[in-house]
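Chemist: Sharing a model that was predicted from the sequence below.
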Amino acid sequence: MELIRFQNVAMDYGHREVLLDASFRINAGEKIGLIGPNGAGKTSIARLIAGDQSVAGGAITRAPGLRVGFVRQQVEHDQQATVLDSVLAEQTRALAALREHEDRLAIATTDEMQHELDAYEAAREAFDRTGGDGLRARAIATLDALGLAGRGDQRVSALSGGEKNVLSLTQALLAEPDLLVLDEPGNHLDFAGIAWLEGFLARFRGAVLLISHNRYLLDRVVTGIVHLADGRTTSYAGNYSAYRATSLRAKLAQRADYVADQKRLVQLEELVKRFEELARRTADPAWGKRLRARKSQLSRAREDATEKPAAEASKIRMNFSAEASRADIALQVRGYSKAFGERQLFDHADLEISCGERVALLGPNGSGKTTLLRDIIAHGAWDHDTLRIGPSLRVGYCAQEQEVLDNDRTVLGQMIADGVNTRDRAFNLLRQFLFVRDDLDKRVGDLSGGERNRLQLARLIAQQPDFLILDEPTNHLDIPACEAIEEALTEFKGTILAVSHDRYFLDKIAGRVVEVRDGAFESYVGNFSEYWAEHHEQPAASAGRIATRRHERERTPRPAKAPASGRTSELQARIEESERERGVLEKRVSDAFTRGDHREGTRAATLLEQHRERLEELYARWVAEEG
C-alpha cells in the first residue's frame with residue numbers, strides 16, 4: 001500500500017529554490033533513507049510530509065487518514081515542564097478546549113444548543129485524535145520502554161540531549177503513526193544509544209523516512225535510499241553501501257559514455273567541416289545533400305549525447321603533509337585523575353600512544369573524553385608530570401564545541417591568527433573547504449555549525465601538525481565531506497587520537513580502540529567494529545530501552561544472556577564471519593570504483609549482492625530459532 005507520493009514537487013524560500021523536481025514514494029512498512037548534501041532540502045521534504053509547509057509546484061499524494069509522526073532535528077521543549085506534561089502537552093490543550101465546550105453546553109440556551117453541541121462534538125473528536133482517555137497510561141508505558149522510566153515528574157531541563165531526543169520520539173510514537181519521519185535522530189546519542197535506535201527502528205512495524213548522515217545506521221536499518229541533490233531526487237534499492245556501489249558504478253559508466261560521445265561528436269564535426277569544403281568546391285548538388293544529412297546527424301548526436309557527469313556535491317579537498325615522526329612516544333598519560341565535585345571521571349589512569357598510531361577514544365556520554373582532550377591541549381608537554389606529549393610534535397586540535405575559534409574575528413582574521421599571512425593564501429586554503437571569497441569577511445560567530453567545522457579543518461591544514469587530536473570532527477558535515485576527511489586521514493602519516501560517534505569514520509581511520517571504563521583506560525587492538533562485536537552486546541530487541549547518561553547505564557544491570565544452543569551458537573558464529581566478509585566486499589567495491597576499475601567494481605558488486613542475500617537468510621534462520 002502506498003502511503004505517500006511526491007510527484008515533481010517544487011518548493012522555494014522566497015528567491016531561493018530548494019526543490020525543483022522531487023519524485024519518490026514510500027510504501028507501508030518500507031524504511032527509506034533520505035541523504036544529500038547539507039542545505040539540499042532534506043528537512044524541507046520532512047516538513048512537507050508533516051504538513052508544515054506547502055509545495056510551489058507538483059503534487060504530494062497521501063493515503064487517506066495517513067498518520068505521520070515527525071521527530072525534528074531541533075525541538076524546542078518547555079524546559080520547566082515535567083517530562084510527562086511535555087509528552088501530553090497537545091492533549092492537555094485539547095482537553096482544556098473540551099472542558100470549555102462542556103461548560104458552554106451546560107449553560108446554552110435552546111437557540112444556542114445545536115451550535116454548542118456541534119462545537120462540543122468537534123472538540124471531543126480533537127481530544128480523541130490525541131489519544132483519548134488512555135493516552136496518559138500509554139505515555140507512561142512508552143517512556144518506560146524507551147528508557148525514561150520513573151522520570152515523568154522530572155523537569156525537561158534536567159534531561160540530556162539524547163534524552164530529549166527520546167522525549168521527541170515518545171511524542172511521535174503516541175500518535176501511532178503509519179509513517180515515522182526522523183530528522184537526524186542519532187544526534188546526542190552515544191554508541192549504545194545508536195545501537196538501541198537501530199534495534200528499535202528494525203522492529204518498528206510502520207514505515208520510516210530516516211534523514212541521517214550516519215552511514216552505519218543507514219546500512220543497518222533502511223531498505224531503500226532517496227538521494228537529493230540540486231533539487232532533484234534519485235531512488236535506489238538497498239541500504240547505503242548498496243547505494244554507494246550503484247551510484248559509483250553509474251557515474252563511472254556515465255563518464256565512459258560521455259567520453260565516447262564527445263569523441264563521436266568531434267569526429268562528426270570534422271566530417272561536417274570536410275563536407276562543407278567539398279560542397280563549396282563543386283557544383284554537384286549531391287554534396288549539398290550529403291552535407292545536410294551530416295548536419296542532421298550531428299544535431300541528433302548532440303541531442304542524444306550523454307550529459308557531462310556532475311561533480312559530487314560538498315566534496316571538500318584536504319591533504320595533510322606531515323611526515324612520519326622519528327620519535328617513539330606521541331602521548332603518555334601517567335596517573336591522570338579528574339573529578340567534578342563528588343563525580344570522579346578518572347582515577348590515576350594510564351595511557352600510552354606511540355607515534356604513527358591511530359587511536360579511537362570511546363566511552364559513554366559524560367565519561368570525560370572531551371575533558372581529557374582539553375587537558376591534553378591545555379597542559380600537555382614533554383616535561384609535564386601527567387600528560388606528556390612527544391618532543392617536537394606539532395599538535396593540531398579539532399574541538400567538538402569549536403571553542404578554538406574566536407567568534408568576534410572574521411574568517412580571514414581567524415586564519416591570519418593561525419599563521420596564514422596573506423589574504424590570497426588564506427583563500428586558496430579555504431576554497432578547498434567550500435568557502436567562497438565573500439566568506440573571508442564573514443564573522444566566525446555567524447557561520448553555521450558545518451562551516452565552523454570546515455574552518456577548524458582548514459586551520460589544521462595550515463598548522464601542518466603531526467599529531468591530530470580530533471573531537472567529533474565530522475559533526476554537522478554531510479556524507480561526501482565525511483568521506484573526504486576519511487580519505488585525507490588515511491594518507492596522513494602522523495598520529496591520530498579521535499573521539500567520534502561515527503562508526504564508519506572510526507572503522508576507516510582507527511587501528512586501536514581505547515575505552516574509558518570505571519575511571520581508567522582499557523585498550524583493544526583492532527578497528528571499532530571488531531571491538532564492538534567482541535565487547536558489547538548487539539541491540540537487545542527484547543529490552544527496548546535506552547539510557548543516555550553514563551550513571552544510568554552503570555546502575556542498570558545488563559540482562560543475562562540465555563545460553564545458546566549448539567545450532568544457534570553455530571549460526572551466530574557464521575553470521576559474525578559473514579558480517580566481516582561483507583565489510584571486506586564493501587571496501588573492495590568502493591576501492592575499485594574509486595580508482596576507476598569498472599570491471600573489478602562490477603564483479604565485486606555482484607559478489608556483494610549475492611553475499612547480502614545469503615546473510616539475510618542466515619539472519620532469518622537465527623531469528624526463527626531464537627523465537
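Modeler: Received it, and whenever you're ready, just let me know what you need.
Chemist: Helices of the stretch 251-400 of the chain, residue ranges please.
Modeler: Listed in chain order, the helices of the stretch 251-400 of the chain (DSSP state H, counting those that start in this stretch) span 285-304, 369-379.
Chemist: winner for burial among the ones you listed?
Modeler: helix 369-379 (a mean of 18; mean count of other Cβ atoms under 10 Å). C-betas here are computed from N, CA, C, even on glycine.
Chemist: and that one, what does it pack onto?
Modeler: strand 329-340, strand 358-362, strand 387-389, strand 395-398, strand 467-471, strand 495-499 (3 or more Cβ pairs under 8 Å, 6 or more residues apart in numbering; DSSP states H and E).
Chemist: Against residue 501, how distant is the spatially most central residue of the chain?
Modeler: Averaging the C-alpha coordinates of the chain gives a centre point, and the residue nearest to it by Cα atoms, centre = their mean is residue 213 (1.3 Å). Distance from residue 213 to residue 501, counting by Cβ to Cβ, to the nearest Å: 11 Å.
Chemist: sec struct for the residue nearest to residue 433 when sequence neighbours are not counted, please.
Modeler: The shortest distance from residue 433 to any residue that is not its chain neighbour, by Cβ to Cβ, 6 or more residues apart in numbering, is 4.2 Å, and that residue is residue 454. Reducing the assignment to helix, strand or coil with DSSP: H, G, I helix; E, B strand; the rest coil, the entry for residue 454 is helix.
Chemist: Just checking the distance from the helix or strand where residue 165 lies to the centre of its chain.
Modeler: Residue 165 belongs to helix 161-174 when elements are defined using DSSP states H and E. Remark: helix 161-174 is offset 18 Å from the chain centroid, using Cα atoms, centre = their mean, to the nearest Å.
Chemist: other SSEs contacting that helix?
Modeler: Based on contacts counted as 3+ Cβ pairs under 8 Å, 6+ apart, the elements that helix 161-174 packs against are strand 68-71, helix 83-87, helix 135-145, strand 179-183.
Chemist: ok, how many other residues are close to the residue nearest to residue 433?
Modeler: 24 (other Cβ atoms under 10 Å).
Chemist: residues contacting it?
Modeler: For residue 454, the set of contacting residues under the criterion of Cβ atoms under 8 Å, 6 or more residues apart in numbering consists of 316, 433, 434, 435, 477, 481.
Chemist: Look at the closest residue to residue 157 other than its chain neighbours and tell me its secondary structure.
Modeler: Excluding its sequence neighbours, the residue lying closest to residue 157 (Cβ to Cβ, 6+ apart) is residue 79, at 4.0 Å. Here residue 79 takes the coil state, with states given by three-state DSSP.
Chemist: Pass me the low-pLDDT residue ranges in the stretch 151-300 of the chain, would you?
Modeler: Within the stretch 151-300 of the chain, the segments meeting pLDDT under 70 span 160-162, 187-188.
Chemist: Need the pLDDT of residue 490.
Modeler: In this prediction, residue 490 carries a pLDDT score of 86.
Chemist: now the host helix or strand of it and strand 358-362, what's the angle there?
Modeler: Residue 490 is part of helix 479-491, with elements assigned from DSSP H and E. Using axes from the mean of the first three to the mean of the last three Cα atoms, to 10 degrees, the interaxial angle of helix 479-491 with respect to strand 358-362 works out to 130 degrees.
Chemist: List the contacts of the closest residue to residue 272 other than its chain neighbours.
Modeler: In this structure, residue 272 finds its nearest non-sequential neighbour in residue 294, 5.0 Å apart by Cβ to Cβ, 6+ apart. By Cβ under 8 Å, 6+ apart, residue 294 lies in contact with 268, 271, 272, 275.
Chemist: Contact partners for the second one?
Modeler: Going back to what we said before, that points to residue 271. Taking Cβ under 8 Å, 6+ apart as the definition, contacts of residue 271 comprise residue 294.
Chemist: quick one: the residue nearest to the centre of the chain and residue 481 touch, right?
Modeler: No. If you go by Cβ atoms under 8 Å, residue 213 and residue 481 don't touch, sitting 9.0 Å apart.
Chemist: Need the residues touching each of these two.
Modeler: Shared contacts of residue 213 and residue 481, counting by Cβ under 8 Å, 6+ apart, come down to residue 474.
Chemist: picking that back up, next, the angle from the helix holding residue 165 to helix 135-145.
Modeler: With the same axes, to 10 degrees applied, the angle from helix 161-174 to helix 135-145 works out at 140 degrees.
Chemist: Which positions in helix 161-174 come out as buried?
Modeler: Along helix 161-174, the positions that meet the burial threshold by neighbour count (16 or more other Cβ atoms under 10 Å) are 162-174.
Chemist: Likewise for stretch 442-453?
Modeler: Result for stretch 442-453 [16+ other Cβ under 10 Å]: buried residues 442, 444, 447, 450, 451, 452, 453.
Chemist: pLDDT (mean, whole number) over stretch 439-447?
Modeler: Mean pLDDT, computed over stretch 439-447, is 90.
Chemist: ends of that stretch, how far apart?
Modeler: With Cα to Cα, to the nearest Å applied, stretch 439-447 spans 9 Å between its terminal residues.
Chemist: For the residue nearest to residue 157, give me its contacts.
Modeler: By Cβ under 8 Å, 6+ apart, residue 79 lies in contact with 155, 156, 157.
Chemist: is the first one in a bridge, and if so with what?
Modeler: Read it as residue 155. residue 82 (DSSP bridges).
Chemist: tally of neighbours for it?
Modeler: A total of 15 residues lie near residue 155 under the criterion other Cβ under 10 Å.
Chemist: try the last one
Modeler: Around residue 157 sit 11 other residues, with neighbours defined as other Cβ under 10 Å.
Chemist: what about the closest residue to residue 204 other than its chain neighbours, how many neighbours?
Modeler: Using Cβ to Cβ, 6+ apart and skipping the chain neighbours, the partner closest in space to residue 204 is residue 180 (6.5 Å). One way to gauge burial is a neighbour count; for residue 180, by other Cβ under 10 Å, it gives 23.
Chemist: go on, the one 3 residues further on?
Modeler: Here the count is done by other Cβ under 10 Å, and residue 183 has 23 residues near it.
Chemist: Was I right to think it contacts residue 46?
Modeler: Yes. Using Cβ under 8 Å, residue 183 makes contact with residue 46 at a distance of 5.2 Å.
Chemist: residues shared between the contacts of the two?
Modeler: Shared contacts of residue 183 and residue 46, defined by Cβ under 8 Å, 6+ apart, are found at 70, 72, 211.
Chemist: backbone phi and psi for the last one, please?
Modeler: This means residue 211. Main-chain dihedrals, residue 211, degrees, to the nearest 10: phi -100, psi 120.
Chemist: Repeat that for the second one.
Modeler: Phi and psi for residue 72, reported as degrees, to the nearest 10, are phi -80, psi 160.
Chemist: Without its sequence neighbours, what residue ends up closest to it?
Modeler: Beyond its immediate neighbours in the sequence, the residue positioned closest to residue 72 (Cβ to Cβ, 6+ apart) is residue 183, lying 5.5 Å away.
Chemist: how far away is the one you found from residue 202?
Modeler: If you go by Cβ to Cβ, the gap between residue 183 and residue 202 works out to 19 Å.
Chemist: all helices for the stretch 101-250 of the chain, in order.
Modeler: Ranges of helices in the stretch 101-250 of the chain, per DSSP H, counting those that start in this stretch, are 110-129, 135-145, 161-174, 191-203, 215-221, 240-281.
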